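[1] Provided below are the primary sequence and the corresponding predicted coordinates.
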Amino acid sequence: AGRFNSHQIAFAANPVLIEDTLALRFSLDKNVTDGIIVSEDGANDRAAFSDVETWRLGLRFEPTEDLSAVIKLTHIDNDGSIPELSGEELPRGVSAVENNRDHKISSINADLSFDLADTMTLTSNTVYSSADISRDSQSSVADLTQERTYDVFEQEFRLNLETDNAKAVLGVFYTDISED
């Protein structure tokens with residue numbers, strides 16, 4: 001294992017599937033860091049390591065001038081640790097603290113836009129996301145595990161009106177957040 005060693009890879013592709021109608025985008029980003037603490041006995045070489053992977057997939061569909069749709073999928077996987085604390089940094093009676101994290105977040109987003117007339121556009125934005133958050137803290141006094149799961153649903157409808165004399169926006173928004 002290296003010290004202060006970081007590796008990153010990124011990739012993106014944007015193929016046009018049907019000219020002026022359908023396009024795809026895919027991207028991947030992975031960033032790994034070995035750790036930043038060098039202990040004398042080598043037992044803590046992975047302290048403060050990080051492993052983050054993000055991928056995205058997007059699809060744009062425009063079958064007519066009056067209709068467009070964009071769908072996006074995103075996933076983030078974030079694992080790592082926070083440096084161990086010891087000595088004067090800790091309260092009396094605690095000899096060491098180590099924290100680990102594991103976060104997984106996924107979402108899907110759909111944007112639809114309809115031109116109903118030359119002066120009127122209806123837009124819908126729908127989002128669903130889910131997050132699993134985990135953190136472990138271990139010390140000489142106690143061990144603590146925090147785990148949370150969030151699910152979020154959001155829906156927005158918006159009507160844009162534009163004439164020579166006025167502009168107006170009417171909309172409604174709904175959100176539902178649940179936590180386990």
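    Arrived safely, thanks for sending.
[2] Give me the packing partners of the least confident helix or strand in the chain by mean pLDDT, helices and strands only.
    Ranked by mean pLDDT, DSSP states H and E, the weakest helix or strand in the chain is strand 67-86, scoring a mean of 83. With contacts taken as 3 or more Cβ pairs under 8 Å, 6 or more residues apart in numbering; DSSP states H and E, strand 67-86 sits against strand 50-64, strand 96-117. Bear in mind the C-beta positions are built from the backbone N, C-alpha and C, glycine included.
[3] weakest of those strands in terms of mean pLDDT?
    Lowest mean pLDDT within these: strand 96-117, a mean of 86.
[4] Rounded mean pLDDT for the helix or strand following that strand, please.
    Next helix or strand after strand 96-117 toward the C-terminus (DSSP states H and E): strand 120-139. When pLDDT is averaged along strand 120-139, the result is 88.
[5] now strand 120-139 and strand 96-117, what's the angle there?
    170 degrees (axes from the mean of the first three to the mean of the last three Cα atoms, to 10 degrees).
[6] Identify each buried residue in strand 120-139, please.
    By 16 or more other Cβ atoms under 10 Å, the buried positions in strand 120-139 come out as T121, T123, N125, T126, V127, S129, S130, A131, S139.
[7] Redo the residues you listed as a markdown table? Include distance to L57.
    Shown next, in a markdown table, are these (distance: Cβ to Cβ, whole Å):
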| residue | distance to L57 |
| --- | --- |
| T121 | 26 |
| T123 | 22 |
| N125 | 18 |
| T126 | 16 |
| V127 | 15 |
| S129 | 15 |
| S130 | 16 |
| A131 | 18 |
| S139 | 41 |
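[8] now the helices and strands packed on strand 67-86 as CSV including mean neighbour count?
    Converted to CSV, those look like this (neighbours: other Cβ atoms under 10 Å):
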stretch, mean neighbour count
strand 50-64, 15
strand 96-117, 15
